[in-house]
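**Student:** Build me a model:
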Amino acid sequence: MLKITLNKSVIGYNKRQRATVKALGLGKIGSSVVHADNDCVKGMITKVRHLLEVEELADPVEVKE
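**Tutor:** Take a look at the predicted model:
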């Protein structure tokens, strides 16, 4: 599992990078999401790595509803 946090604003970056950040589920600076560690997510992270902070979580996180 990967915890992804948006650290920089997407203002001034092109539409594709803004769309990638939005597709990851990030909106405001400081927002975080948890995604599975797969090739699709890693590719998205690679494209906007200059805007993000990525942490690898050891244990799977349970979502409470």
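
**Student:** contacts and neighbour counts: CA atoms only from here.
**Tutor:** Will do.

**Student:** Quick check: phi and psi at Glu53.
**Tutor:** Per-residue torsions, Glu53: phi -120, psi 130 (degrees, to the nearest 10).

**Student:** tell me the contacts of it?
**Tutor:** The neighbours of Glu53, taking CA atoms under 8 Å, 6 or more residues apart in numbering as the test, are 4-7.

**Student:** Just the buried ones among these, please.
**Tutor:** With burial judged by 16 or more other CA atoms under 10 Å, the buried subset of the contacts of Glu53 is 4-6.

**Student:** Could you single out the nearest of the residues you listed to Leu51?
**Tutor:** Leu6 (6.1 Å; CA to CA).

**Student:** tell me the phi and psi of Leu57?
**Tutor:** The phi/psi pair for Leu57 (degrees, to the nearest 10) reads phi -90, psi 140.

**Student:** What sits closest to it if chain neighbours are left out?
**Tutor:** Nearest non-adjacent residue to Leu57, counting by CA to CA, 6 or more residues apart in numbering: Met1, 5.3 Å away.

**Student:** what's the distance between the one you found and Arg16?
**Tutor:** From Met1 across to Arg16, the span is 25 Å (CA to CA, to the nearest Å).

**Student:** between these two, who's got more neighbours?
**Tutor:** Neighbour count, other CA atoms under 10 Å: between Met1 and Arg16, Met1 has more, with 15 against 11.
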